[in-house]
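1. my questions are about this predicted structure, shown below with the sequence.
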Amino acid sequence: MSHNMENMQQVFQEADCLFDEAQVDQAIERLAQEITAQLKDSNPLVYCVMTGGVVFAGKLLPKLRFPLEVSYIHATRYNNQTSGGGLKWKVEPAETLEGRTILILDDILDEGTTLHAICDYCEGKQPEKVYTAVLVDKQHERKVYPGQKCNFTGLEVADRYIFGYGMDYKGYWRNAPGIYAVKGL
Ligand SMILES: O=P(O)(O)OC[C@H]1O[C@H](OP(=O)(O)OP(=O)(O)O)[C@H](O)[C@@H]1O
Ligand code: HPA
């Protein structure tokens, strides 16, 4: 096994499990109910923010039992590092947003720059309304603006570097079956 693979095995073994698979799935079930109650008659256009949003979107979408359209956008600011830089668009929305109800799905609201910039972009295209849903909201005082929240939030996590359920540590462990905090971070 390469040194990097051994290191990644060790990261997983030493990590603290903050929420196990059953707890995360229960949070996603609750989110599905909240989103359904709010959006079921709005014909929403649902965007998965790649790459981190992919597991959350994959688990959530089959629980939304009403007509909707799905697409993806790709905006990144961490680039597999543990601290964020400026937001870079890799794939902008391909659809017409005007008059539509938009729901953005992402894995984590951390400093909030990513979702703030995505919402700003969408708002500029005259949608009916833009909603955001995240699996986790990291608790700290460094949000883009005080009190920044998503419309739908699955779980609140401590101010540590986390991975699993789509979130990566240096590009790895998006596949981890729970939400884990890296030892010492
Ligand atoms: O609230 P923020 O501080 O802006 O951080 C949250 C964003 O950071 C991660 O994306 P990243 O840029 O790492 O790309 P990824 O989805 O490919 O991991 C994550 O998926 C969110 O989109
Ligand atoms: O804690 C985090 N983990 C993984 N990806 C992230 N993107 C922003 N914060 C995080």
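-> Noted; the coordinates are in hand. Residues are numbered from 1 along each chain as shown. Ligands and ions are numbered 1, 2, ... in the order given.
2. residue 4 sits in which helix or strand?
-> helix 3-14 (DSSP states H and E).
3. mind listing residues that contact the helix or strand just after that helix?
-> On the C-terminal side of helix 3-14, the closest following helix or strand by DSSP H and E is strand 16-19. Applying C-beta atoms under 8 Å, 6 or more residues apart in numbering, the contact partners of strand 16-19 are 27, 155, 157, 158, 160, 162, 178, 179, 180, 181, 183. In short, each C-beta sits where N, CA and C put it, glycine included.
4. please list only the buried members of those.
-> Burial by neighbour count, 16 or more other C-beta atoms under 10 Å: within the contacts of strand 16-19 this picks out 27, 155, 157, 160, 162, 178, 179, 180, 181.
5. which member of those is positioned nearest ligand 1?
-> residue 162 (10.5 Å; C-beta to the nearest ligand atom).
6. how near is the closest one to residue 136?
-> 7 Å (C-beta to C-beta, to the nearest Å).
7. again with residue 33
-> Residue 33 is 18 Å from residue 136, by C-beta to C-beta.
8. those two: who's more crowded?
-> Applying other C-beta atoms under 10 Å to residue 33 and residue 136 shows that residue 136 carries more neighbours, namely 26 against 11.
9. what bridges to that one?
-> When assigned by DSSP bridges, residue 136 has beta-bridge partners residue 108, residue 155.
10. let's have the chain start at 21 instead
-> Taking 21 as the first residue, the last one we looked at is residue 156.
11. distance check, it against ligand 1.
-> 10 Å (C-beta to the nearest ligand atom, to the nearest Å).
12. wait, that residue sits on residue 178?
-> No - the criterion here is C-beta atoms under 8 Å, and residue 156 misses it with residue 178 at 10.2 Å.
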